[in-house]
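> Model the following, please.
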Amino acid sequence: MSTISIGGRRAGRVSPPVTAVTVLLGVLALAMSIAGTAVAVPRIGGDLGVSAGSLQWVVAGYNLTFAAFTLVCGSLADLFGRRRVFTLGAALFTVAALVSAVADGIWVLNAARLLAGVGAAGMMAAGGAILAATFEGAARTRAFAGMGTMAGVGIAIGPSLSGWLVGEFGWRGTFGVNVGVGLLVLAGSRYAPESRAAERPRVDRAGVATFVGGLALLMFGVMRGPEQGWGAAPVLGALAAGAVLLVAFAVVERRSDRPVLDLTLIGNVSFMGWCLGTLATSVGFLGVLVFLPTYVQGVNGVSASEAGVMMLMLTAPVLVVPPLGGWLVTRGMSGRALITVALALVAAGNAWLTVLHPGIGTLALLGPLLLIGMGMGLSFGITDGQAMNVVEPDRVGVAAGFLNTVRGTAEALVIAVFGAVLVSVIGARTGSAVAAARIAAGDVAAHEQAAFTDGWRVTLCGVALLTALGAAAVFFMLRTRRPHHVQPMGRPMG
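Below you'll find the model as predicted:
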């Protein structure tokens, strides 16, 4: 270990190996928390006696604040210090995990999950900057490759590990593990270097407030619509207010000297094609990732640990396939063709998954889940690098922020919309919004299994159609290419 000075300030004892392990452990925990919590949802609903609308926030709330606050945490890290923001993020993530583990009501749990997303955003945004300040050259390349690998590992093993924890220790055990990991990250953060931006950035407060507020209200309206009725005043009010705030966000960003999100990139059709590609793959992947464990537990009666193992058929390809995508591009296959194939696989997998029925076995799920996972894995392997290829070299940082914002926002909205459509279709089949919410949460009577299955089939058909249309649109938008500036790279975060 050594003592170094960065930016004229004494950084304290610094250990590059400990720093790398700390940041990578944090990335692993963040990805596992996204992918694994869904397996615990049915048990949470049963223990706390809540419906699908409230349960969705356990997963979607975390994704919402993680996506939204990643925008601002990068600026805060530049302003107040990368290690400081990373440490505060880890502390908030740990405290939120502890509150989640002991929560005795859904509102406390959901509030804790929202805070956990904020903490995760701080760790993710500052973690990359810490690695950049700690390592140089080939070591830096390996460190960032490690971030992508840990994100993939977290997505791949999150559901199975969470299922095992639920089976052995109950759903609270899934959050208890995050407490232990958070404490390790906090301890390791002491050995990371401190650094700040040479020029103190100004935080776009109006942009952040309108974006976070608009997205949160829109998600609230979408989630409450099936239970309260789409014509209910609170639902319509939330949807309208959310839309107004997002329009205000666009106006604010176009007028700001230092926008938190540079909307001028919308004029780059090829870049927006890659953004649409990552949005479309999220549509086809996340709904299955988040909601299928509830179906197989509620209808087939499998345990949480069994459901987690089944989900490996979907998540394992996300870990092993991305290098194949990068390899194919470097061997001459066009990124346009590969992302179209990836989206086609995701669309086909969702269409195939309509074979879902009560009592369906693991072997019958293998084909559709593998197709969806392989399509998502191919997208992971090429999207970031190819998107950066079609922007000017001096705008790659802004473009990366835009792409990750689109990705994170899409992930949060997909969970909300998929769940709302599922509950709405079940409600139409049963004639009761209350029963639909209970069924979608995994509390399913024998005579209600057909309605739950119908809801899934209709929703999957819609997802398959949207993903296929996305594939066609992306293929069209990528018909022209700009000169290449960087080599293909993997996706840094799931």
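
> Just give the nearest non-adjacent residue to Leu92, would you?
Closest residue to Leu92 apart from its sequence neighbours, by CB to CB, 6 or more residues apart in numbering: Gly119 at 3.3 Å. Bear in mind the C-beta positions are built from the backbone N, C-alpha and C, glycine included.

> Based on its surroundings, how many neighbours for the one you found?
Residues near Gly119, counting by other CB atoms under 10 Å, number 27.

> Kindly report the same for Gly332.
Counted with other CB under 10 Å, Gly332 comes out at 6.

> Kindly indicate whether it is helix, strand or coil.
coil (DSSP: H, G, I helix; E, B strand; the rest coil).

> any idea how the chain splits into domains?
Using automatic domain parsing, the domains assigned to the chain come out as 1-193, 204-259, 262-494.

> Low-confidence stretches in this protein?
Along the chain, the model assigns pLDDT under 70 to residues 1-12, 51-53, 197-201, 394, 396-397, 480-494.

> how far away is Val474 from Gln386?
According to CB to CB, to the nearest Å, Val474 stands 11 Å off from Gln386.

> Can you check which residues contact both of these two?
Both Val474 and Gln386 are contacted by 274, 339, under the criterion CB atoms under 8 Å, 6 or more residues apart in numbering.

> what about the two, which has more around it?
The neighbour comparison of Val474 against Gln386 (other CB under 10 Å) goes to Gln386, with 28 against 24.

> I'd like the distance between the more buried one and Gly105.
45 Å.

> same deal with Val417?
For Val417, the distance to Gly105 - CB to CB - is 26 Å.

> Could you do Val72 as well?
Here the distance between Val72 and Gly105 works out to 29 Å (CB to CB).

> Likewise for Val244?
31 Å.

> how about the lengthiest helix in the chain: buried residues?
The longest helix of the chain (DSSP state H) is helix 396-430. Residues of helix 396-430 classed as buried by neighbour count (16 or more other CB atoms under 10 Å): 398-427, 429-430.

> same check, this time on stretch 291-301
By 16+ other CB under 10 Å, the buried positions in stretch 291-301 come out as 291-300.

> got those as CSV, with distance to Gly361 columns?
Formatted as CSV, the buried residues of stretch 291-301 follow (distance: CB to CB, whole Å):
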residue, distance to Gly361
Phe291, 19
Leu292, 14
Pro293, 16
Thr294, 18
Tyr295, 14
Val296, 10
Gln297, 15
Gly298, 16
Val299, 13
Asn300, 9
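
> any chance of those residues in a markdown table, plus secondary structure and distance to Gly470?
Formatted as a markdown table, the buried residues of stretch 291-301 follow (DSSP: H, G, I helix; E, B strand; the rest coil; distance: CB to CB, whole Å):
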| residue | secondary structure | distance to Gly470 |
| --- | --- | --- |
| Phe291 | helix | 20 |
| Leu292 | helix | 21 |
| Pro293 | helix | 25 |
| Thr294 | helix | 25 |
| Tyr295 | helix | 24 |
| Val296 | helix | 27 |
| Gln297 | helix | 30 |
| Gly298 | helix | 30 |
| Val299 | coil | 29 |
| Asn300 | coil | 31 |
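
> got the residue ranges for the helices in the stretch 251-400 of the chain?
Secondary structure of the stretch 251-400 of the chain, counting by DSSP state H, counting those that start in this stretch: helices at 269-298, 304-310, 312-320, 322-330, 335-352, 362-389, 396-430.

> which one of those lies closest to Asp204?
Nearest of the helices of the stretch 251-400 of the chain to Asp204, taken as CB to CB: helix 396-430 at 11.9 Å.

> Which secondary structure elements does that closest one sit against?
Helix 396-430 sits against helix 52-80, helix 205-228, helix 269-298, helix 362-389, helix 433-440, helix 449-477, with contacts defined as 3 or more CB pairs under 8 Å, 6 or more residues apart in numbering; DSSP states H and E.

> Look up how far Val355 lies from Ala450.
For Ala450, the distance to Val355 (CB to CB) stands at 15 Å.

> Also Phe66?
For Phe66, the distance to Val355 - CB to CB - is 33 Å.

> who's more crowded, the two?
Comparing Phe66 with Val355 by other CB under 10 Å, the one with more neighbours is Phe66, at 28 against 13.

> which ones are touching that one?
Contacts of Phe66 (CB under 8 Å, 6+ apart): 30, 34, 117-118, 120-121, 124, 408.

> now those in a markdown table, with secondary structure and distance to Gly213?
Listed next are the contacts of Phe66 as a markdown table, based on three-state DSSP; distance: CB to CB, whole Å:
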| residue | secondary structure | distance to Gly213 |
| --- | --- | --- |
| Leu30 | helix | 24 |
| Ile34 | helix | 23 |
| Gly117 | helix | 15 |
| Val118 | helix | 14 |
| Ala120 | helix | 20 |
| Ala121 | helix | 16 |
| Met124 | helix | 22 |
| Gly408 | helix | 16 |
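
> who wins for neighbours among those?
Going by other CB under 10 Å, Ala120 tops the contacts of Phe66 with 31 neighbours.

> quick one: contacts for that residue?
Neighbour list for Ala120: 30, 33, 62, 66, 89, 93 [criterion: CB under 8 Å, 6+ apart].

> what's the spacing between Pro259 and Leu76?
Here the criterion is CB to CB. By it, Pro259 lies 16 Å from Leu76.

> just to revisit the earlier point, quick one, which of the helices of the stretch 251-400 of the chain is nearest to Val208?
Smallest distance to Val208 across these (CB to CB): 11.4 Å, for helix 396-430.

> distance between the closest one and the chain's centre?
9 Å (CA atoms, centre = their mean, to the nearest Å).

> quick one, it and helix 433-440 angle?
Calculated by axes from the mean of the first three to the mean of the last three CA atoms, to 10 degrees, helix 396-430 forms an angle of 120 degrees with helix 433-440.

> now the contacts of Phe66 in a markdown table, with distance to Val181?
What follows is the contacts of Phe66, written out as a markdown table (distance: CB to CB, whole Å):
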| residue | distance to Val181 |
| --- | --- |
| Leu30 | 10 |
| Ile34 | 14 |
| Gly117 | 16 |
| Val118 | 17 |
| Ala120 | 12 |
| Ala121 | 17 |
| Met124 | 14 |
| Gly408 | 21 |
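
> and of those residues, the nearest to Ala250?
Relative to Ala250, and with distances defined as CB to CB, the nearest of those is Gly408, at 17.6 Å.

> contacting residues for the closest residue to the closest one other than its chain neighbours?
Among residues not flanking Gly408 along the chain, Ala67 sits closest, at 2.8 Å (CB to CB, 6+ apart). Ala67 is in contact with 117, 121, 215, 405, 407-409, 411-412, counting by CB under 8 Å, 6+ apart.

> now do Ala77
Taking CB under 8 Å, 6+ apart as the test, what Ala77 contacts is 84-86, 122, 125-126, 129.

> 10 Å - rerun?
83-86, 88-89, 122, 125-130, 195-197, 201 (CB atoms under 10 Å, 6 or more residues apart in numbering).

> Now the buried members of those residues.
Among the contacts of Ala77, those classed as buried by 16+ other CB under 10 Å are 83-86, 88-89, 122, 125-130, 195-196.
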